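Asker: I'd like to go over a predicted model; first the sequence, then the structure.
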Number of protein chains: 2
Amino acid sequence: MRPLVHPSIEDITVEGILHALSDPVRAAIYAQLAGSASAASCSDFLQISNRHIPKSTLSQHFRALREAGLVRSERQGVEVRNTSRCSEIEQRFPGLIKAILNAHKVQAISGLPAKKPR
Amino acid sequence: MRPLVHPSIEDITVEGILHALSDPVRAAIYAQLAGSASAASCSDFLQISNRHIPKSTLSQHFRALREAGLVRSERQGVEVRNTSRCSEIEQRFPGLIKAILNAHKVQAISGLPAKKPR
DNA sequence: TTCCATAGTTCATATGTTACGAACTATAGG
DNA sequence: CCTATAGTTCGTAACATATGAACTATGGAA
């Protein structure tokens, strides 16, 4: 099995970041990771998605995030802990991640059903 | 021939924007349009690219930008003038476009070849 | 009006990318 | 060594993209 490979900070591209986060599943995973600042395993998201996303697909999504340089994955015992590389990316592309996460938040709020007046 | 179709501002999604701008050609076109604030035709970019990009491909790129809600295209005589919808998007997703364009600029300066993500 | 040039779109298709079940690998704990 | 858990890899079907060829739209000239 190949070792988990990560791009160095200078090999991270805007195109790669945008492509990775243009998928709603990956955006949700990344928002979770970046928001909580704590590591999370692949199977944590299997639970969150209520097992609607096959684990092979989830594994590929994590690989995409990893290869775009968005997350760092490290094996810890039987599972793989993923942490966001947001502080590194913030250094290279200031404001980018914050703007994208905020936009996703705005969109989530706007998509909510209008509240019925009482 | 179908009329040029544009999403209304509330139908524009972050995913759509990120996907559209994750392509280096589209990102370059959009940066040009957003930067100059003036309209530009499809064939202007044919010139700029030194005809290395086929016009059918360019046409599809403009369609992608249009359908993502990033540009507005209007026929004016024989050509189609494209303008950036950045002020509308700024209202819906504050700071998003600026952060992305700035990140592309940072990357261009850092000298990395704009590689297309898989 | 007919013809032509320019600008762009659409179509067919070849090539590339993604999703997901099945089979596999890795690790920990009996 | 056996089993369970966590995740990866592989094969392939479904979907997406790039591009040449054919088409449409518009304006101007003959």
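Answerer: Arrived safely, thanks for sending.

Asker: what's the angle between the lengthiest helix in chain A and helix B:96-110?
Answerer: Identified as the longest helix of chain A according to DSSP state H is helix A:96-110. Per axes from the mean of the first three to the mean of the last three C-alpha atoms, to 10 degrees, the angle that helix A:96-110 makes with helix B:96-110 is 160 degrees.

Asker: Are helix A:96-110 and chain B in contact anywhere?
Answerer: Yes - using C-beta under 8 Å from any C-beta of the partner chain, we find that helix A:96-110 touches chain B at A:L96, A:K98, A:A99, A:I100, A:N102, A:A103, A:H104, A:V106, A:Q107, A:S110. In this view, the C-beta of every residue, glycine as well, is placed from N, C-alpha and C.

Asker: Which residues outside that helix are in contact with it?
Answerer: Residues outside helix A:96-110 that contact it (C-beta atoms under 8 Å, 6 or more residues apart in numbering or on different chains) are A:14, A:17, A:21, A:27, A:30-31, A:34-35, A:86, A:89-90, B:10, B:13-14, B:17-18, B:92-96, B:98-100, B:102-103.

Asker: buried set for that helix?
Answerer: Residues of helix A:96-110 classed as buried: A:L96, A:I97, A:A99, A:I100, A:L101, A:N102, A:A103, A:H104, A:Q107 (neighbour count, 16 or more other C-beta atoms under 10 Å in any protein chain shown).

Asker: quick one: average confidence on that helix?
Answerer: For helix A:96-110, mean pLDDT is 96.

Asker: Repeat that for stretch A:70-88.
Answerer: Averaging pLDDT along stretch A:70-88 gives 96.

Asker: Endpoints of it, how far apart?
Answerer: 9 Å (C-alpha to C-alpha, to the nearest Å).

Asker: same check, this time on stretch A:44-57
Answerer: 14 Å.

Asker: Just checking that stretch against DNA strand C, any contact.
Answerer: Yes - counting by C-beta under 7 Å from any atom of the strand, DNA strand C is contacted by stretch A:44-57 at A:I53, A:P54, A:S56, A:T57.

Asker: Of these, which belong to strands?
Answerer: Applying DSSP state E to those, no entry is found in strands.

Asker: ok, and the most crowded of the residues you listed?
Answerer: Within the residues of stretch A:44-57 next to DNA strand C, most neighbours by other C-beta atoms under 10 Å in any protein chain shown means A:I53, with 15 neighbours.

Asker: Could you check how many residues crowd around A:A68?
Answerer: Count around A:A68 with other C-beta under 10 Å applied: 24.

Asker: I am finished for the moment; much appreciated.
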